[in-house]
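Undergrad: Give the three-dimensional model of this entry:
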Amino acid sequence: MSKILLDKLIEDLDPHLKSYIEKDPKIRQSSQDYLQNLFENENLISTEIFTTTNDLDSKRTKTLTEEIAELDEYKRNADIKLSDITNENRDSIVEISENLKNINQTITTEMKDKVESMIKEMDNFQYEINISDQLTSSIETNTSMLSNIDSILDLLELPTLCKICILQGNYQESLDISMLAKTLIAKFPKISIFQKINNQINKELNLMIKNLIKLLNTNLKQNNLIKIFNILNQLDLVNLNDNSTSIDLISNNQSIEKTRFLKIIYLNSRFKFITNEISNLTPLIKFNKLSYLKRFIEVFRSEIYQSVSMFYSIINHSLNLIPNENEDLLLLNQFVKNLSYLLITELKTYFPEILSQDLDQIDIKNQLDGIILQIIYLCKSLSKYNLNFENIITWELIYKHEVIKEGDWLGNLSKVKNFH
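TA: Take a look at the predicted model:
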């Protein structure tokens, strides 16, 4: 019995499943066993009608016939309910149907007439309706921009981000932003917005450079000086001007002009720093001119020596610039010479007043020797770097203006030599 039923059921199956069952004896036998179990289940194939006269009958399992009868009853009730709802809303359904017909008629007839009328009017004014390839491309471009609006807004914020990095002292990050803008220009040369973004970033970098150079005029530690010059070393400062909108990042192959320019920036900033330091000593003049001169020479000695020392340490070692001993010596000599004239001016102004004071000759001699020794030590400290500071001092103070006597100078010079 199960075999006959299985053959009948197989005929209605998908060809693939049919061949699969016929070729595999195990699956065929398993299917026959399943059908046989169904036949042996008396409750499932029973058509006997049970009543609900007791609790045991109410808890029995429903037969297949009962399940089918209940589903038919549920379907009949649903049809009756649907018919009742349709009868109740018959007028609304008719009205909606009429509205849909009217809308369809409007779209198919009246709208067509209006479109034809508009085309005729445009023809009268010699207009042509033509969707060009350029317009289609523009629409596609706008669509692409809208889909990537977040990324575009991020790019537009690059100048602001560069400004924030500069204000927070993250100078290297601001240079990275500038490099990104230049990469976008190289990759998309026809998009003008990237050029505008780059110009705005260059304005921020221009302002950063000016502020960094001003910062160099203050009392900075060597580590901070190295950090600032590392930033300046990555920029093309030679072609920079007040109206510049282009600041190029340069490679490690440094030019001679840029190297010289960085050296001049350093020495100029140190010159301004030293002059600012000695200007702070001016109030001492009213109280004690001797103390003023001693403090003046001491500041000169310490700051000039430190500036020259950091020049070689920062410019020629930390930045790995192109070495040029003759040029370095020339720049340093000019730097020291300009400062020496400041010292000479102060000595010419106040030294005679100190010597003319109504004091014991021994005290005056001691004061004179003290100042001369300070000047000699200043000259000796700079001679380590082959800077000819002593010749300028002796010529201006001894032979030209006769502020110091030659005997006093030689006497104190011999003391220093004997001491060492």
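Undergrad: So, low pLDDT: which residues of the stretch 51-200 of the chain?
TA: Scanning the stretch 51-200 of the chain for pLDDT under 70 picks out 51-62, 111, 118, 121-151.
Undergrad: Report the rounded mean pLDDT for stretch 345-355.
TA: Confidence for stretch 345-355, expressed as mean pLDDT, is 84.
Undergrad: what's the answer for stretch 375-389, then?
TA: 86.
Undergrad: In this structure, where's the longest helix?
TA: Identified as the longest helix of the chain according to DSSP state H is helix 325-355.
Undergrad: Also compute the angle for the helix or strand following that one relative to helix 325-355, please.
TA: Remark: after helix 325-355, the chain's next helix or strand is helix 361-383, criterion DSSP states H and E. In terms of direction (axes from the mean of the first three to the mean of the last three CA atoms, to 10 degrees), helix 361-383 departs from helix 325-355 by 170 degrees.
Undergrad: Please work out which residues outside helix 361-383 touch it.
TA: 290, 293-294, 297-298, 300-301, 304-305, 308, 336, 343, 347, 351, 354-355, 357, 389-390, 393, 404, 408-409, 411-413, 415-416 (CB atoms under 8 Å, 6 or more residues apart in numbering). From N, CA and C alone the C-beta is placed, and that goes for glycine too.
Undergrad: one step back: in terms of secondary structure, what does the longest helix of the chain contact?
TA: In this structure, helix 325-355 makes packing contacts with helix 256-279, helix 289-310, helix 361-383, helix 390-394, judged by 3 or more CB pairs under 8 Å, 6 or more residues apart in numbering; DSSP states H and E.
Undergrad: and the second one, which residues are buried?
TA: Neighbour-count burial for helix 289-310, counted by 16 or more other CB atoms under 10 Å, picks out 289-290, 292-297, 300-301, 303-305, 307-308, 310.
Undergrad: ok, and what's touching that helix?
TA: By CB under 8 Å, 6+ apart, helix 289-310 touches 222, 225, 267, 270, 273-274, 277-278, 281, 284-285, 332, 335-336, 339, 343, 346-347, 350-351, 353-354, 367, 370-371, 374-375, 377-378, 381-382, 385, 387.
Undergrad: returning to that earlier point: which of the helices and strands packed on helix 325-355 sits closest to Ile197?
TA: Smallest distance to Ile197 across the helices and strands packed on helix 325-355 (CB to CB): 26.0 Å, for helix 256-279.
Undergrad: got the buried residues for the closest one?
TA: Here helix 256-279 shows 258-263, 265-267, 269-271, 273-274, 278 as buried, counting by 16+ other CB under 10 Å.
Undergrad: Report the distance from that helix to the chain centre.
TA: Offset of helix 256-279 from its chain centre (CA atoms, centre = their mean, to the nearest Å): 31 Å.
Undergrad: what's the angle from that helix to helix 325-355?
TA: Angle, helix 256-279 to helix 325-355, by the same axes, to 10 degrees: 10 degrees.
Undergrad: Does anything pack onto helix 256-279? Which helices or strands?
TA: helix 222-232, helix 289-310, helix 325-355.
Undergrad: 6 Å instead, please
TA: Applying 3 or more CB pairs under 6 Å, 6 or more residues apart in numbering; DSSP states H and E, one finds that helix 256-279 contacts helix 289-310, helix 325-355.
Undergrad: Test for you: state the pLDDT assigned to Tyr292.
TA: So Tyr292 comes in at 90 (pLDDT).
Undergrad: What separation is there between it and Glu353?
TA: 11 Å (CB to CB, to the nearest Å).
Undergrad: Glu277: what's its closest spatial neighbour, skipping adjacent residues?
TA: Val299 (5.5 Å; CB to CB, 6 or more residues apart in numbering).
Undergrad: Could you report the distance from the one you found to Leu378?
TA: Val299 is 10 Å from Leu378, by CB to CB.
Undergrad: Could you check which helix or strand contains the residue nearest in space to the middle of the chain?
TA: With distances taken as CA atoms, centre = their mean, Ile177 lies nearest the centre of the chain, 4.8 Å away. Remark: Ile177 resides in helix 171-187, with elements defined by DSSP H and E.
Undergrad: how about that helix as PDB, C-alpha atoms only?
TA: Only the C-alpha atoms of helix 171-187 are listed here, as PDB (Å, rounded to 0.1, in the frame of the first residue of the first chain):
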ATOM      1  CA  TYR A 171      52.900  72.700  13.900                       C
ATOM      2  CA  GLN A 172      53.800  69.400  12.300                       C
ATOM      3  CA  GLU A 173      50.200  68.400  12.000                       C
ATOM      4  CA  SER A 174      49.400  71.700  10.200                       C
ATOM      5  CA  LEU A 175      52.200  70.900   7.700                       C
ATOM      6  CA  ASP A 176      50.600  67.500   7.100                       C
ATOM      7  CA  ILE A 177      47.200  69.200   6.400                       C
ATOM      8  CA  SER A 178      49.000  71.400   3.900                       C
ATOM      9  CA  MET A 179      50.500  68.400   2.200                       C
ATOM     10  CA  LEU A 180      47.100  66.800   2.000                       C
ATOM     11  CA  ALA A 181      45.600  69.900   0.300                       C
ATOM     12  CA  LYS A 182      48.500  69.900  -2.300                       C
ATOM     13  CA  THR A 183      47.900  66.200  -2.900                       C
ATOM     14  CA  LEU A 184      44.200  66.900  -3.700                       C
ATOM     15  CA  ILE A 185      45.200  69.600  -6.100                       C
ATOM     16  CA  ALA A 186      47.600  67.300  -7.900                       C
ATOM     17  CA  LYS A 187      45.000  64.500  -8.000                       C
END
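Undergrad: residues in contact with that helix?
TA: For helix 171-187, contacts defined as CB atoms under 6 Å, 6 or more residues apart in numbering pick out Leu158, Cys162, Cys165, Ile166, Phe194, Gln195, Ile197, Asn198, Ile201, Ile231, Gln234.
Undergrad: Good, wrapping up.
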